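Trainee: okay, here's the prediction I keep looking at, along with the sequence it came from:
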Amino acid sequence: MERREGGREERAVICWLPLKSALREVRLISQEIWSDVLGYVRKNITEVEYHTWFAPVKNLGVQDGSLVLGVRNSFAQEWFRKNYLKLLEDALRSLGAQNPQVSFQVLPAAQDALLLPSDPPPPPSVPAPRASAPAPMESRKVLNPKYTFENFVVGPNNNLAHAAALAVAESPGKAYNPLFIYGDVGLGKTHLMHAVGHYMLERFPGKRVEYVSTESFTNDLINAIRDDKMTQFRNRYRSVDLLLVDDIQFLAGKERTQEEFFHTFNALYESHKQIILSSDRPPKDIQTLEGRLRSRFEWGLITDIQSPEYETRVAILKMNAEHNRIDIPQEVLELIARQVTSNIRELEGALMRVVAFSSLNNVPFSRAVAAKALSNVFAPQEVKVEMMDVLRQVAAQFNMPPDVIRGSGRVREVVQARQVAQYLIRELTDHSLPEIGQFFGRDHSTVMHAISKVSEQMGKDSELTAAVDLLRRRMKGQDDEDSDA
Ligand SMILES: Nc1ncnc2c1ncn2[C@@H]1O[C@H](COP(=O)(O)OP(=O)(O)OP(=O)(O)O)[C@@H](O)[C@H]1O
């Protein structure tokens, strides 16, 4: 464990250890911030400037609350400091950073030349230029390594779809063919499809799995017709063991694609190859879909995925946090799960936003911090402070585990932290003295004594006063200034 000598410095370092461990995966998290920052920057400078200066910049993650950007050489470093620092800080401010910090590092030549796979996609607000020709045959997509059965949280909203997908994975071409999964955006249809693909490839590495969106299928068809390559097209789609087609509702109104898909479907079905289709609606609601296709889609099993209920949302967030090795308190996850109710993609985005916010502002996770981080995007939530919130914040501030504060230790620092925690709980929550006493395994008179002791010291002991003020602001989500004090 990292330790430095010297009172204040030591506290500053150790206080943020949980946050530092949260930042281990910060490169991943900060792509989200970086995409938003680029979106902001692009709106505020010319395209030429953007491409000259920002396109080559590499996001190196957040370190100690500062967004670190890799630039090509010391000239660019200087240029950025002089010309773009303020713009970048404004961009971070627009994302909720209260004391934004940006630093620039000159990249080693090799890294500069290398486009790391973690580089962010272009910001969504400014779409990348689109080629006028349709995508080439290679538009096939690969399976997302994250979309496995192990990473899929099962709840009442999706247990039937999950069971069906598992059955299909175990007996492809036999259990349900086709499997038709429908549901609103961002609820896990693609995840389940890919999970079947992974499962099959793990058990039978020689099998051919093809995942394609309906749009890519259509583009491939157009290209094949244009380039006179229909035989290759047919070979490609009719020789697979598992065909996964996303967003099949986009077949609506495309007669030629429907015709070709009909033959692909028949060829696969007759040779007992598995087909899985996803859609935002059941086959009967897809307008202008040929009757013969609709009836084929209904041959197997049609199953839906609904919005997840609260417990499933919390479980998904927990799994995501663990996956990214982010140590985030349960009550913060619960707050996010209450805030984002319908869409899992948004739920994951909200978690990222909270992690980004707390790393950029260098504050530990708390419900108030999470509420603030989400307030720009979702309706602001009134956060009721809980005893556990206070205990955790006091523990971080006094650099000792919460259990030690609640324990029986009589060391001066521990007693002081315990008294501060009791004082703040009394002030910030509705709990009675006996309830607070019970939380600390003590009686109400001890709590009364703690409160009068802290009240007495406030104003006299400046360090304690500053710590209590800072904690109070943090609990109320008002820690506007830098919170390293
Ligand atoms: N049950 C779940 N457990 C864990 N993660 C999930 C679950 N359901 C969805 N997700 C995650 O939510 C995100 C969105 O899921 P996915 O892309 O599969 O949704 P979709 O229904 O295919 O959406 P769209 O219709 O927009 O394509 C993904 O990151 C996925 O991993």
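Mentor: Right, received. Where do you want to start?
Trainee: all the strands of the stretch 51-200 of the chain, residue numbers only.
Mentor: Ranges of strands within the stretch 51-200 of the chain are 58-63, 66-71, 101-106, 179-183, based on DSSP state E, counting those that start in this stretch.
Trainee: wait, which of those is closest to Thr465?
Mentor: Among these, strand 101-106 comes nearest to Thr465, with 27.0 Å by Cβ to Cβ. Every residue, glycine included, has its C-beta placed from N, CA and C.
Trainee: so the closest one versus strand 66-71, what angle?
Mentor: 30 degrees (axes from the mean of the first three to the mean of the last three Cα atoms, to 10 degrees).
Trainee: can you give the strand pairings for strand 101-106, parallel or anti for each?
Mentor: Next to strand 101-106 in the sheet, as set by DSSP bridges, lie strand 66-71 (parallel).
Trainee: tilt between the strand it pairs with and strand 58-63?
Mentor: Orientation check (the same axes, to 10 degrees): strand 66-71 against strand 58-63 gives 160 degrees.
Trainee: put the alpha carbons of strand 66-71 into PDB.
Mentor: In PDB, the C-alpha atoms belonging to strand 66-71 read as follows (Å, rounded to 0.1, in the frame of the first residue of the first chain):
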ATOM      1  CA  SER A  66      -6.700  15.400 -14.200                       C
ATOM      2  CA  LEU A  67      -7.500  14.400 -17.800                       C
ATOM      3  CA  VAL A  68      -4.200  13.500 -19.400                       C
ATOM      4  CA  LEU A  69      -3.800  13.900 -23.100                       C
ATOM      5  CA  GLY A  70      -1.000  12.600 -25.300                       C
ATOM      6  CA  VAL A  71       0.300  14.900 -28.000                       C
END
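Trainee: hmm, back to that, which among the strands of the stretch 51-200 of the chain is found nearest to the ligand?
Mentor: The closest of these to the ligand is strand 179-183. By Cβ to the nearest ligand atom, the value is 5.9 Å.
Trainee: mind putting the strands of the stretch 51-200 of the chain in JSON lines, mean neighbour count included?
Mentor: Listed next are the strands of the stretch 51-200 of the chain as JSON lines, based on neighbours: other Cβ atoms under 10 Å:
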{"stretch": "strand 58-63", "mean neighbour count": "21"}
{"stretch": "strand 66-71", "mean neighbour count": "21"}
{"stretch": "strand 101-106", "mean neighbour count": "18"}
{"stretch": "strand 179-183", "mean neighbour count": "25"}
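Trainee: confidence score at the residue of the stretch 51-200 of the chain found nearest the ligand?
Mentor: In the stretch 51-200 of the chain, the residue that lies nearest the ligand is Gly188 (2.6 Å; Cβ to the nearest ligand atom). For Gly188, the model assigns a pLDDT of 96.
Trainee: count the residues that sit near it.
Mentor: By other Cβ atoms under 10 Å, 24 other residues sit near Gly188.
Trainee: near the ligand, which residues of this structure are found?
Mentor: Residues of the chain lying close to the ligand by Cβ under 6 Å from any ligand atom are 146-147, 151-153, 158, 183, 185-191, 280, 316, 344-345, 348.
Trainee: of those, keep whichever come out buried.
Mentor: Burial by neighbour count, 16 or more other Cβ atoms under 10 Å: within the residues of the chain next to the ligand this picks out 147, 151-153, 158, 183, 186-191, 280, 316, 344, 348.
Trainee: OK, now which residue of the stretch 251-400 of the chain is nearest to the ligand?
Mentor: Taking Cβ to the nearest ligand atom, the ligand has its nearest neighbour within the stretch 251-400 of the chain at Ile344, 3.6 Å off.
Trainee: what's near enough to touch the residue lying closest to that residue once chain neighbours are set aside?
Mentor: Using Cβ to Cβ, 6 or more residues apart in numbering and skipping residues adjacent in sequence, the residue nearest Ile344 is Gly186, 5.3 Å away. Contacts here follow Cβ atoms under 8 Å, 6 or more residues apart in numbering; on that basis Gly186 touches 343-346.
Trainee: per-residue confidence for the residue minimising distance to the centre of the chain?
Mentor: Residue closest to the average C-alpha location in the chain (Cα atoms, centre = their mean): Glu348, at 3.5 Å. Here, the pLDDT recorded for Glu348 equals 91.
Trainee: for the helix or strand encompassing it, packing partners?
Mentor: If you go by DSSP states H and E, Glu348 is part of helix 344-360. Applying 3 or more Cβ pairs under 8 Å, 6 or more residues apart in numbering; DSSP states H and E, one finds that helix 344-360 contacts helix 17-22, helix 26-44, strand 58-63, helix 310-323, helix 330-339, helix 367-374.
Trainee: reformat the ones you listed as a markdown table; add mean pLDDT.
Mentor: What follows is the helices and strands packed on helix 344-360, written out as a markdown table (pLDDT from 0 to 100):
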| stretch | mean pLDDT |
| --- | --- |
| helix 17-22 | 36 |
| helix 26-44 | 75 |
| strand 58-63 | 83 |
| helix 310-323 | 94 |
| helix 330-339 | 92 |
| helix 367-374 | 87 |
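Trainee: now those as JSON lines including distance to Phe104?
Mentor: Supplementary listing: these in JSON lines, determined by distance: least, Cβ to Cβ, whole Å:
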{"stretch": "helix 17-22", "distance to Phe104": "22"}
{"stretch": "helix 26-44", "distance to Phe104": "14"}
{"stretch": "strand 58-63", "distance to Phe104": "10"}
{"stretch": "helix 310-323", "distance to Phe104": "30"}
{"stretch": "helix 330-339", "distance to Phe104": "32"}
{"stretch": "helix 367-374", "distance to Phe104": "25"}
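Trainee: quick one on the thing from earlier: could I get the contacts of Gly186 as JSON lines with distance to Val142?
Mentor: Converted to JSON lines, those look like this (distance: Cβ to Cβ, whole Å):
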{"residue": "Asn343", "distance to Val142": "24"}
{"residue": "Ile344", "distance to Val142": "21"}
{"residue": "Arg345", "distance to Val142": "19"}
{"residue": "Glu346", "distance to Val142": "24"}
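Trainee: now compare the residues you listed and name the two farthest from each other.
Mentor: Ile344 and Glu346 (7.3 Å).
Trainee: next up, the contacts around Glu170.
Mentor: Contact analysis of Glu170 by Cβ under 8 Å, 6+ apart lists Tyr199.
Trainee: Arg345 too?
Mentor: Going by Cβ under 8 Å, 6+ apart, Arg345 touches 185-186.
Trainee: need the pLDDT of it.
Mentor: Looking at Arg345, its pLDDT is 91.
Trainee: what's the neighbour count on the nearest residue to Gln457 once chain neighbours are set aside?
Mentor: In space, and not counting its chain neighbours, Gln457 is closest to Leu464: 5.4 Å by Cβ to Cβ, 6+ apart. Leu464 has 16 neighbouring residues, counting by other Cβ under 10 Å.
Trainee: Leu464 reaches Gln416, doesn't it?
Mentor: Yes: between Leu464 and Gln416 there is a contact under Cβ atoms under 8 Å: 7.3 Å.
Trainee: how near is Val209 to Arg203?
Mentor: Taking Cβ to Cβ, to the nearest Å as the criterion, Val209 is separated from Arg203 by 11 Å.
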